[in-house]
Structure formats: structure tokens, C-alpha cells
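Colleague: Below is the structure, and that's it, no one-letter string:
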Ligand code: BES
Ligand code: MN
Ligand code: ZN
């Protein structure tokens, strides 16, 4: 349970009360300035007292300081969490610090935590103008809920670490901003719930989350969220002549699933209002097919449907936020397997758009299913396209696990995404896909080929392939291979599925609200 209370933190009874602090040192005259607590409460400041003047706590982002039985407070423990340099303070730091507090409590089997809403009034004007309450409240609750997720569904010894009660305490005197804090809090809850739902999907193993099961989970979510949803399989793919999607699916005993989800806002929108098409790669397991992968790390390929999960999660959030924009979502789900019915290197496929593709490597399957997904979204009326996919290892080589790849054929659409990921606090880095790279996918056998001739520029090669199917429609492509799975736990987040891109996609959609 997450709640928002306008209450005095000093008199609030909780096993753990969290207070935020910033580093105001600038390196000049005040190089040794002590961290400042983001509270106007004397009782809270007094409780921290000399611990702050000791100089042992620098308020770096995510740094913690714990006090038991803090004097003058009703809380059993007081946790001070750093937000880093005041000049660099953004909602992202709040999200991380709130998450750190929650995981600090989880690791110690503490069942409930309260967090003091940061008060910018505690700072002088020279340090920080204002902390925008709505995004701050949103980031705070996102940090809390994202930190409370653990991918331990299948462990019999799973302890019930989930915090039962998480309370954000905002000082009552901030009455003028109460409404903003309330909206930010509600938004953050919807978005984080959607992101966590996506993480649950990504964590599911391939034997449980088959394409059909992904379809069922999507349909169940849609029914609850008030979205329309259809799930199709092989027959419809044949009718639609989705030759590329069908080829990838044909090697598996598990039938493919084509998920079509629609969000129609309550508001009456002009007939020419944009229709945003969200397309997700839903490979529920990627063995590589006949161009089979090595055994090492292959189990990770259960997360090859993270793009689909991101899109479906975004749809859930869009419906919850009731954004006034038309959105449709296409997920192409299949299993990429080697078998006597599998597609083969050298095969020539005819995609739904009519473009023919020579298959050089059956492990480049994501771009094939997306080719038909992108084209189908256009036939359903999408005026702007965005796709997300764990598409290439090459993208991870290029950007590491810090940034996901971003590609686009349109400056305005791309600019909107740049703004979107920044306000969502995610990390993307744009890579080129200009026509100079077109030779990479030119084939003498078919219109195009599904890989380049060597491994150079592999992420771009994949983007160039998708760009053929976006055509003239403004399009953004997200290669999330490096960020969809977190290898090592961080102070604010468990290791495992990240739910990356859900928040940025929601913010991108929001830029189209009039
Ligand atoms: N699903 C993989 C990409 C991937 C790699 C995702 C690592 C997450 C982590 C994709 O289908 C793939 O196999 N791509 C190939 C393309 C190559 C054959 C041109 C790759 O990256 O090696
Ligand atoms: Mn592959
Ligand atoms: Zn794949």
C-alpha cells in the first residue's frame, strides 16, 4: 500500500522515516559546506543534529545515514538519504533516493516506511529556484514502487520482503501545492504499476510465457484497463500475408500471437488528430533458430520480448492516465526455434508490405517480425510510429548498458522523444540511420537482406532494415537490448527485468496531447 498524507513527519509513527538531504558545496568559498536537509521541521533537523556536522555524510546521491531511536521523533529509525549536488537536482535523483530508502528497508525486513516530501523552502534561493512539486511527487512514488519489486516469483523460500505500507508525508503547510503533489503521486502510481507489470512479463521464463500466454496476459490487462484487445494467430497472419513474421514463427510448435490493442480517449478528437502506433518485439524465446546461438547466456533470451512488454505496459499507463490521444499497439510474439520446419539462411520472404527479404541469418529475427508489425500499424491508421526491441547485441557493444539506442527518420518525432526520455529520467542515445548506410542491407537476390555482411554497425543495420518498413511515416526506434535486463542489483533496484522504456514511451505519447 502506498499512501500520501499531509502530516507532520516528526509526530508520525513508523519503523523507518526517510529524510532527504542535498550537497550544497560548490567548491569555492563553501567547499566544506555541510549537507542541507530538505525539511523546515526543527524537530527533524534537531534529530539529525551532530551526525550531519560530523562531516561523515556527504549527501551523495543514494548515500545513506541511519539513526536509531531519533530524539524527539516518533519514528523508530531515521534514514537520511542523499540527493547529490543541489545544482544537479532533478526528479531522477529523487526517484533513486526514494528507491534506495525502500530497498534499505526491505533488506532489513522492515515492513513499513515513511518518506518526508522534500521541501525546497529549506534551501536559500541561490541554491535552488524551486522543486516542481508534480514531477517531484511522481518521481518519489515511482522510486518507491519500482524499488519494491523483486523477481522472486518462483522461489519457494521467497521471503515476504514487500513493504506493506509506504507513506509519503508532505508538510501540511504546503496547502497551495497539495493538489500538484496529489496529481504527481497518482500519476506516478499508475506509471510505476505499469512498469512493474511489464517487468513481471519480462521475468517470466519461455516455458510459461509462450506467445499465446503473452496474448492472454495482454488481453486480461486490457480488460481491466478498459482497452480493446484482439489476439490473432497463424490463420490471420496468413490472411494478412505477414510472410516475415510467419517465417520466424514457423520453426516452433508454439503458435505466434499478433496482439492488437487500441486506446480511444473519452474526448472527441478532430478526425485528423494523430494516431500513434506502438510496435513491440515479442520473441518469447530466441534460440537464434538455424543460425543457433551459443549456449553461454542463452537463458537470457527469455527477455527478448521486453520491447513488447514495454509497449503493453505503456498502454496500461496511457489508459490509466486517460491521455487525450489515439494510440494503437501491435505486438508480434513468436518463438525463434531451430527445427525441421524452421526458416533457413538463404530463404526469401515476402513481407506484408510486398518488400522481399533475403534471410542471411535466422538470428536476426526481431527485425523480421517488426517489419510486418510496423507495416500493419500503418494499415490500421498509425500516423506516427514507435517501436521497442531487444534488437541487437551490437547496440550493447556500442552503448554499453547505460544508454539504449535511439533511431529516427523524423526530427520533430525524435525531438519529442528526446524531451520524453529526459522527463522520464531514462537514458537513450541517438545513433544515425541516414541513407548512407543503405548499402548494408542491399541484396542481389531480394529487395533487401536481413543482416549486413560483417558485424560493423550492427545496430544501425537493424535500424536501416526497420526504416524500410516505416517508409514516409515519422518513426522512432528504440533498441533496448542493453537495458532491458539489469545484471547487478543497484541501491534502488533489484537485478533482473528493468521495465525500461515504459516511462519514456508514455511521456512521448503525452507530447501529442494538444
Ligand atoms: N535478441 C537478439 C539481440 C540481443 C542480444 C538482445 C543480446 C539482448 C541481448 C537478436 O535477435 C539477435 O540475435 N541479434 C543478432 C543479430 C545478428 C545476427 C545480425 C545479434 O545481435 O547478434
Ligand atoms: Mn536473434
Ligand atoms: Zn532476438
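Modeller: The structure has been received and is ready for your questions. Since the model is a prediction, treat every value here as computed from it, not as a measurement. Ligands and ions are numbered 1, 2, ... in the order given.

Colleague: pLDDT score for residue 26?
Modeller: At residue 26, the predicted lDDT confidence score is 80.

Colleague: Okay, now stretch 56-74: how far is its last residue from its first?
Modeller: Taking CA to CA, to the nearest Å, stretch 56-74 runs 25 Å from one end to the other.

Colleague: my bad, should have said stretch 464-483
Modeller: Using CA to CA, first and last residues of stretch 464-483 are 21 Å apart.

Colleague: Pull out the buried positions in it.
Modeller: 464-470, 473-483 (16 or more other CB atoms under 10 Å). In short, each C-beta sits where N, CA and C put it, glycine included.

Colleague: Can you name the residues that contact the residue in the stretch 201-350 of the chain that ligand 2 sits nearest to?
Modeller: Going by CB to the ion, ligand 2 is nearest to residue 286 of the stretch 201-350 of the chain, at 4.3 Å. Listed by CB atoms under 8 Å, 6 or more residues apart in numbering, the contact partners of residue 286 are 293, 301, 304, 336, 363, 365, 366.

Colleague: for it, phi and psi?
Modeller: phi -120, psi 100 (degrees, to the nearest 10).

Colleague: Test for you: state the pLDDT assigned to it.
Modeller: 98.

Colleague: Could you check how far it is from residue 177?
Modeller: Distance, residue 286 to residue 177, using CB to CB, to the nearest Å: 48 Å.

Colleague: ok now do the residue lying closest to residue 489 once chain neighbours are set aside, which residues does it touch?
Modeller: With sequence-adjacent residues excluded and distances taken as CB to CB, 6 or more residues apart in numbering, residue 489 is closest to residue 495, at 4.3 Å. Neighbour list for residue 495: 151, 486, 487, 488, 489 [criterion: CB under 8 Å, 6+ apart].

Colleague: how near is residue 495 to residue 151?
Modeller: When residue 495 is compared with residue 151 (using CB to CB), they lie 8 Å apart.

Colleague: Generate CSV for the contacts of residue 286, with pLDDT and distance to ligand 1 as supplementary columns.
Modeller: Formatted as CSV, the contacts of residue 286 follow (pLDDT from 0 to 100; distance: CB to the nearest ligand atom, whole Å):
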residue, pLDDT, distance to ligand 1
293, 98, 7
301, 98, 6
304, 98, 4
336, 99, 7
363, 98, 4
365, 98, 5
366, 99, 5
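
Colleague: List only buried entries from these.
Modeller: Going by neighbour count (16+ other CB under 10 Å), these have 293, 301, 304, 336, 363, 365, 366 buried.

Colleague: I'd like to know which of those residues are part of strands.
Modeller: residue 336 (DSSP state E).

Colleague: would TSV of the buried ones among the contacts of residue 286 with distance to residue 329 be doable?
Modeller: As requested, the buried ones among the contacts of residue 286 are arranged in TSV below (distance: CB to CB, whole Å):
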residue	distance to residue 329
293	28
301	23
304	18
336	21
363	26
365	20
366	17
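
Colleague: Quick check: closest non-adjacent residue to the closest residue to ligand 2 within the stretch 301-450 of the chain.
Modeller: With CB to the ion as the measure, residue 363 is the residue of the stretch 301-450 of the chain nearest to ligand 2, at 3.9 Å. Among residues not flanking residue 363 along the chain, residue 288 sits closest, at 3.8 Å (CB to CB, 6+ apart).

Colleague: cool, residue 483 as well?
Modeller: The shortest distance from residue 483 to any non-neighbouring residue, by CB to CB, 6+ apart, is to residue 500 (4.3 Å).

Colleague: Spit out the contact partners of the one you found.
Modeller: 306, 310, 404, 426, 480, 483, 484.

Colleague: would you turn the contacts of residue 495 into CSV with neighbour count, pLDDT and secondary structure?
Modeller: As requested, those are exported to CSV (neighbours: other CB atoms under 10 Å; pLDDT from 0 to 100; DSSP: H, G, I helix; E, B strand; the rest coil):
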residue, neighbour count, pLDDT, secondary structure
151, 16, 95, coil
486, 18, 98, strand
487, 8, 97, coil
488, 6, 97, coil
489, 13, 97, coil
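
Colleague: now, which of those sits nearest ligand 1?
Modeller: residue 487 (11.0 Å; CB to the nearest ligand atom).

Colleague: Can you name the residues that contact that closest one?
Modeller: Residues in contact with residue 487 (CB under 8 Å, 6+ apart) are 401, 495.

Colleague: Measure how buried residue 264 is and give me the count.
Modeller: A total of 14 residues lie near residue 264 under the criterion other CB atoms under 10 Å.

Colleague: For the residue nearest to residue 489, give its distance to ligand 3.
Modeller: 21 Å (CB to the ion, to the nearest Å).

Colleague: ok, now residue 289?
Modeller: Distance of residue 289 to ligand 3, given as CB to the ion: 10 Å.

Colleague: Which residue does the stretch 151-300 of the chain have closest to ligand 3?
Modeller: For the stretch 151-300 of the chain, CB to the ion, closest residue to ligand 3: residue 286, 3.7 Å.
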